[in-house]
Every structure is written in C-alpha cells, then in structure tokens.
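Student: Below: sequence and its predicted model.
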Amino acid sequence: MLENYIKIAWRNLRKHKFYSFLNVFGLALGLASCLLITLYVIDELSYDRSFDHADRIHRVNADIRFGGADMSLAVAPDPLAFTLKKDYPQIEQVVRLRDTGSLLVRRAELAENLKEDHVVYADSTFFKVFSVPLLMGDPEKALKAPYTVVISASDAAKFFGSGNAMGKALILDNADTYTITGVMQDIPTQSHLRGVNMLLSMSSNDESRMDGWGSHNFNTYLLLKEGVDPKQFERNFETVLQKYTSKWLVSFLGSSLEEIRKSGSSLSYTLMPLTKIHLHSDRKAEINANGNVQYVYIFGVVALFLLTIACVNFMNLATARSSNRAKEVGVRKALGSERSSLVSQFLTESLMLSFFSLALAVILAYLALPFFNDLAGKQVNFPIQNVWFWVALLITGGVVGVLAGSYPAFFLSAFKPLKVLKNSVELQGKGGYLRNALVVFQFVISVMLIVGTGVIYRQLNFIQTKKLGFNKDQMLIVDDAYALDNQVKAFKEQVLRMPNVASGTVTSFLPTPSSRTDHTFFPVGQMQQDKGINMQKWTVDYDFVKTMDLQMANGRAFQEEFPSDSTGILINEAAAKVLGYAAPVGKKIFGYDDAALTKKVTYTIIGVVKNFHFESLKRNIGALSLILYKSNGTVVFKLNGGNVTQTVGQVEQLWKKMAPGQPFNYRFMDEDFNQVYRSEQRVGQIFVTFAVISIIIGCLGLFGLSAYTAERRTKEIGVRKVLGASVANIVTLLSKEFLRLIIIAILIGIPIAWFGMNQWLNDFAYHVDLAWWMFLAAGAIAITIALLTISFQSIKAALMNPVKSLRSE
C-alpha cells in the first residue's frame, strides 16, 4: 500500500511541476534559514557550558550608586574572594582575574616583540574552578610563584614553534621576566574567557594584596559546593558589607554603610551564573564583549516565522488546487476508498515534498554557512558527524510534512463523492477563508521585518551622522607607544613634521574603546559622602583637547605656558552639573592618586569641556575629568587628508627606525567607533537577509495563488473581455482581492512592529524617533512587491484570447 501511495504521489508531483517547484523551493528556503538560525542560537546558548561544574560557578557582580553615577560592574574588591572562602564553608573554591589588556611579549633571547592581545592575572586556584586542561605543568603549582605564567597551546606554537616551552622565559613589555610553568589547552571559543592565551600569576600583582574594599578591579568567581542555593547564599553579602566594607567606609569617608544608604547612595553584590554571562551581562569591566539574549529571542522568532511562512505556502497552494483534485477524491470514494486512505495518500505527498525540501535545505544551508558566519561574526560549524543532528533533521522533516499537509489532507478527503461528481461541491468556503488568513499572516511577518530593517538602519545612520562632540575622522592611532621607551615625545614631534599630519597627542584614554578608570572626587574641605562625585579620570597631554577637536564651554584648555596646570583639571559639563557649580572655573576638588586611596591630590578646575560621547550611545554622557600626566599608551595623530596610505607608511618607517624589533600596530578611530556598534550592524544585515528571504517565500506562494486564481477564472475573464472589459479592468479584478489582504496585513503588522522596535530603541539613550513615514514606506514596499508578484499572472490572463479560453472551457 505504501509503495502505491509513493507512486501516485510521485506522478502527481511530476504532473504539476510548476506547483511542485514552488512548494519545494519555498519550503527549502524556509528550512535552510531556520537551520542556519538554529545553529546560531545553539552556539550562543552553549557558552561556558564545556567547563566541569559550570552550573556551580558564579561571578560576583557589583552595583554601585555614588557621586551622581550608577555603575554596574563585573568586578569586585580584591579581598572579597578569599574573605568569602574563609568565612563561608558553602564555597568550594574561588578565583580572581585581573584583565591587563594587551602586552608586548618576546622570548628572553630574542629582541623582536609580538603583541599578545588578551593577558590576565589569575590566582593559582584558576584550574580548580575552570576545568581548562593543562597539557604541560602541574595545575597545583603552575601559578603559585611570582612572575610565573601559563600560556595556551596556540601561544606555545606562536613563540616556540614545535619546541618545548616549559621553563622558558618571556619578557613582557620589555620589562618583567616571567617563567613558563604550564601550557594549557586553548580556552573554547564558546566561552566569555575566549581569547585569553596568557595567565600571569596573581602573586606578581601588588594590587591584589592591597586589601582595598573600595576599589573594584577583579573579576571574582565562586565555585559553590553541591546543593548550595545561589540565591540563598547571596544573602551573606549583606553581612560582608556590614562587617568589612562599612568599616572601610568609616575610615575613608567617616560615614558607615547605613549612613551612605540614607543619603541615596548604595552598594550591593549579586551572583551571576557562569552560563548566563555571555547573553545576560553587559557590565563595565567584562573580560570580553558579550552577546545579547534579546537577539537570540529575535532570531529564534524569525526562524519560526520563516518556517511558518514556508508551511503556509504549502497549505495555501494545496488547498487552492483542491478543485483539481476534487474529482479524483470523488472517484476514489465512489470506488470504495476510505477517508483514512485518502488522508494517507495526501500526507504521503506532503512528506515527499517535505523531505525533498529538507534535502535541498541542507545543501543550501551548507553552502550558505560561510556567508552566514561572516554575517553573524561567528564560527559555527555544520555538525555533519553528529548523529543526533541528522535524527533531529529527519524528525523536523516529518513534523513539517505532517503539519503542512494535515489541513489539505483532511480538507480534500472530506469532500462528498456525489456532490463532487455533480460539480456541486463548494470549494471556496472555509478553504478560501483559511487561505486568505494565511496570506495575511505571511505578509504581517514580512511587514514587521521590513519595518525592523528600516528602523535598525536608520538608527545606525543616526549613530554615524550624530555630532559626537569630538572628531573621529582621519584620526590615526598608533598603539603600544611604551615600546618607544623614552622616545615617545621625539616620535610625536617627528611625525608632526610630516605634511599630512595636523596635530598629535599622547594618551591611553580615547572616546572610542580604550582604557577607563573611575575615581571619586570631593570639593576641598567637604569630604562628606553626599558631596562626592564619581567620574572618569583621563590622563592626557597639552594637545589632547586640540587633537580631538573638543570644545570648551568655559575656561581654557591646558597650556604649557602655565606651570600651575600640572595640578589643574578639566571637567565636562556633566561633571559640573553633578558638582552643582554655576561657575566651576577656579574651584578646587581633591581625589586620590593610587589604588590604595592614600595619596591625596588637590586639583584646580581651569576649564569645562563641552559634553562629548565617550561611551556607547546606549548610555547617557557621564562625568569626566582630564588631568595632565606623562603617558605612553597610544599616540593619536589628526591627519589632513591627502594620501593616507603614504602617511601611514612614513609613520611606520619612522617607528621601525626608532623602535627596531617592536611591532607597529595602528588603527583608525572611526573604525573603532564602528566596532562599538558591530553587533547592531550585524543584526541589521541579518534582518535584511531574512526579510528578503521571507518576502521571496511569501511571493512564491502569492505567485502560485495568483496563477491558480487566473486559471480558475479563465472562463469568467473570457466572458468579461467579450463584453468589453479592458486589460486594466481584468488586472484590477484579479489584483484587488490580494491587495485587500495585503492592506489588512499592513494594518496588523505595523502596530506590532512599532511596539517591537520601540522596545529595541529604548536600549539607546540617544536614538531616532519612530516617524510615521517609516511605516508608510514599509506598507508601500509590501504593496509594490505584492502587485509586481501578481501582475505577471494577471496581465497574462487579461491578454489571453477570449475565443480560445471560452472554447477550451
């Protein structure tokens, strides 16, 4: 019996090649898109799950409100980890990480440095918390001694080739010598610690022993014992705050924790599960930039929508062509076929189409995966060797085939043979209503994706064109200036003599991603906790304001002719507002110049800089200060234009002359700025791609339905033409029904799209408004695409010779 079903199904598919193609290709597009997005979602959800006991590892987060600033931090004070380990038996182990950023690294016997992008200090307990296998070395001892380092297998190959790295010496930043005591397996890409290839012993870091409860600089992880409830354990943080932090606050500010809280300030610690960091954490001092769970939800819904649209196409075309199968059903029933046999027959056809589509979808997805990886910034692999992957695909194909074919199967098999054979069965009824509803549903999704794409790209354009308060164009950044040793100033001066260079500055702090440091300041003579202001403190030189094109709101910038500027300070308008100064120039404030908060320094405000965006546009502009300090982090040059490649080449030649053996690393500020919004750019590109795919799938179905409608009304069209109807009249007749459905879809889709995109825009402190014309444009695009799709069949039917059509009918 099954063999007979398959034969009949194959004949039907071959007989109606056009409709079979529309069904197979449309469903394959939907399945391929769904498969790619599913691989993306699985990859995002797999972060940090490869570690043993990942469900028991938690990071301590800090939330601070003080001095007019709200800070959400991924770091904690240096003494917190081992204080918790000492006081609470619920903790099995702890580890701290201190991110140092990039360093220049070389073998002790070589002169040439290589840049290491991600170096962190780690406690010797690292391998007890994170199950990263050590390929060489003893995990118990590897990071115990000062000035020891564990490197990844990739770094071992980079620095030593196939040789043995154990016991060898590495020179960091041309200064400190570290001995390699371990080689670890590379940390998985699907981890928030990805890219960390070098672990320095924490005992080498003096800051880790300062016992400062006010400085938050260490990523702190707890491995809880089996059965410990993290939420219950969090309650202990209040005891820690009262016992240790409050005591420190009294000694520093003269106020207890309770007194600080009464004034509106706050400090609290919470636990974040390791497996949630990647998708649920966007705090300051993250080890890496994390993902966004919202995008996982969005893409998951998009995948479901695309698959649903493809299934809708199948149901639409199958029910629309029911009249062509009506007599077949009638004859079969008259000859004794049971309804169950007819249902089985139609479901067999549906399953065959589904598995043909699935095979094509796998091929399309495999071919598109490199493009998709580039688009999404991922390294997703096609799990060809995973048996469960193929089992899941087969189950998906079967479920899709049954779901997509169920309604046509039960709809067609319900026809009464007597009515069908007398041509008196009503074929439009419920089937017609369902088809209309499904067409509306398809275009609701398409309209939503069109609106989403438009809003995302308008917001990205707003980001690119918004006045930021500083100049990001034609700004050349030369990294690792410390490699020049004491020649940084000479290097800057020689580059400034080049014809295409306008100005330059030496600093470690830039408006684009770079170093950040929060400090607390107080007005002189007012060290009450409610008078403090928390703000960024950037160390700059005399040319920083000029090079960055910052504008002065009041006072002046640093000038070499004023020796007193060494204790001068510039603040931005946001800081002046928090301080409450109507005329801030000349006022004195003080802060601390060391991590232990013991070295008190008093500054005189000499100027107020107009607010500029030094963080993402997702955040409001915070308080910022600039002080003079000799820096050797980066050298930034403002170019006049001209031949940029030639200028960069000249700068590189000078670098190699003044810093032989040191790598020349440069970038441009506008590229760094764009990198901040790379995830939004990727989302926009993915939205465009899948919006186009959804429209293609929807149009395939609409094309098939319009072809069927024209075919069904051939006789009516012939009569109308004989009675004098024009081509335009016929086209309007055939198009208006579909046009009405598209308009309904627009009316439903636009409010949903408005709500969704309004929620997305709320993530930005500065964003575009949702203008009415954006929704009108989306509706116009949907109508235009629909009309172009159905016009071909409508015009073809309208141009048909009425004599021929009436004779054939």
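Tutor: Cool, got the structure.

Student: For the rest of this, base every contact and every neighbour count on C-alpha atoms.
Tutor: Fine.

Student: Which parts of the stretch 651-800 of the chain are helices?
Tutor: 669-676, 678-712, 714-722, 727-761, 772-798 (DSSP state H, counting those that start in this stretch).

Student: In JSON lines: those helices, plus distance to Gln242, mean pLDDT and mean neighbour count.
Tutor: As requested, the helices of the stretch 651-800 of the chain are exported to JSON lines (distance: least, CA to CA, whole Å; pLDDT from 0 to 100; neighbours: other CA atoms under 10 Å):
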{"stretch": "helix 669-676", "distance to Gln242": "38", "mean pLDDT": "84", "mean neighbour count": "17"}
{"stretch": "helix 678-712", "distance to Gln242": "40", "mean pLDDT": "77", "mean neighbour count": "20"}
{"stretch": "helix 714-722", "distance to Gln242": "85", "mean pLDDT": "67", "mean neighbour count": "19"}
{"stretch": "helix 727-761", "distance to Gln242": "38", "mean pLDDT": "84", "mean neighbour count": "17"}
{"stretch": "helix 772-798", "distance to Gln242": "54", "mean pLDDT": "80", "mean neighbour count": "18"}
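
Student: Take those helices and write them to a markdown table, including distance to Gly214.
Tutor: As requested, the helices of the stretch 651-800 of the chain are exported to a markdown table (distance: least, CA to CA, whole Å):
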| stretch | distance to Gly214 |
| --- | --- |
| helix 669-676 | 29 |
| helix 678-712 | 33 |
| helix 714-722 | 82 |
| helix 727-761 | 35 |
| helix 772-798 | 49 |
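
Student: closest one to Ser350 among the ones you listed?
Tutor: helix 678-712 (15.9 Å; CA to CA).

Student: by contact count, what packs against that closest one?
Tutor: In terms of contacts (3 or more CA pairs under 8 Å, 6 or more residues apart in numbering; DSSP states H and E), helix 678-712 is packed against helix 17-45, helix 293-320, helix 339-376, helix 429-465, helix 727-761, helix 772-798.

Student: what's the closest non-adjacent residue to Lys618?
Tutor: Phe764 (3.7 Å; CA to CA, 6 or more residues apart in numbering).

Student: what sits against that neighbour?
Tutor: Applying CA atoms under 8 Å, 6 or more residues apart in numbering, we find Phe764 in contact with 617-619.

Student: Type out the PyMOL command that picks the buried ones from those.
Tutor: Per 16 or more other CA atoms under 10 Å, the buried members of these correspond to this PyMOL selection:
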select buried, resi 617
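
Student: can you tell me which of the contacts of Phe764 are in strands?
Tutor: Using DSSP state E, no member of the contacts of Phe764 falls in strands.

Student: picking up where we left off before, of the helices and strands packed on helix 678-712, which is nearest Leu550?
Tutor: So among these, helix 429-465 is nearest, using CA to CA, at 17.1 Å.

Student: For the helix or strand following that closest one, give me every contacting residue.
Tutor: Next in sequence after helix 429-465, counting helices and strands by DSSP states H and E, comes strand 475-478. The contact list for strand 475-478 (CA under 8 Å, 6+ apart) reads 634-639, 664-670.

Student: coming back round to it: which of the helices of the stretch 651-800 of the chain sits closest to Pro273?
Tutor: The closest of the helices of the stretch 651-800 of the chain to Pro273 is helix 678-712. By CA to CA, the value is 23.2 Å.

Student: Could you tell me the end-to-end distance of stretch 249-268?
Tutor: This stretch, stretch 249-268, spans 14 Å end to end (CA to CA, to the nearest Å).

Student: which residues touch the closest residue to Trp655 other than its chain neighbours?
Tutor: In space, and not counting its chain neighbours, Trp655 is closest to Phe664: 7.0 Å by CA to CA, 6+ apart. Listed by CA under 8 Å, 6+ apart, the contact partners of Phe664 are 478-479, 652, 655-656.
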